[in-house]
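S.K.: everything below, folded, please.
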Amino acid sequence: QVQLVESGGGLVQAGESLTLSCAVSGNINSINAMGWYRQAPGKQRELVAAITSGNSMNYAASVKGRFTISRDNVKNTLSLQMNSLKPEDTAVYYCNADYTPPLRTGYLAAWGQGTLVTVSS
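M.R.: Numbering: from 1, shown residues only. Have a look, this model is predicted:
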């Protein structure tokens, strides 16, 4: 069983910063892409940022230049540094990892439970 546990969410004012963290544990052979998604009230879940095992990064246009994704392939952790936060960044943020279980080929997707980020104006 694979677990993803997010931390670091909270309430901040517009213009402030937060760092989200995600720890991956369990029966894993390897992790491919990892990413942060978010879901605001009444909206669909959307990709915020993604990073491959080779550290290629991809960002949503709305966060490019403000958010930075990073990963530690030894510790199996994922981070999201969020600067210059805006009220429209308010959402539940989810960690995602595409992983290969032992003795298997191909990838499975695992999700965390989410952490709430609230940005007040």
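
S.K.: in space, what's closest to R66 - neighbours in sequence excluded?
M.R.: Nearest non-adjacent residue to R66, counting by C-beta to C-beta, 6 or more residues apart in numbering: S84, 4.8 Å away. C-beta here means a position set from N, CA and C on the backbone, and glycine is covered the same way.

S.K.: which residues does the one you found contact?
M.R.: When contacts are counted by C-beta atoms under 8 Å, 6 or more residues apart in numbering, S84 touches G15, S17, R66.

S.K.: residues contacting the last one?
M.R.: Read that as R66. Counting by C-beta under 8 Å, 6+ apart, R66 makes contact with M82, N83, S84, L85.

S.K.: which SS class is the residue nearest to R66?
M.R.: coil (DSSP: H, G, I helix; E, B strand; the rest coil).

S.K.: sticking with Y94, tell me its helix or strand.
M.R.: strand 91-100 (DSSP states H and E).
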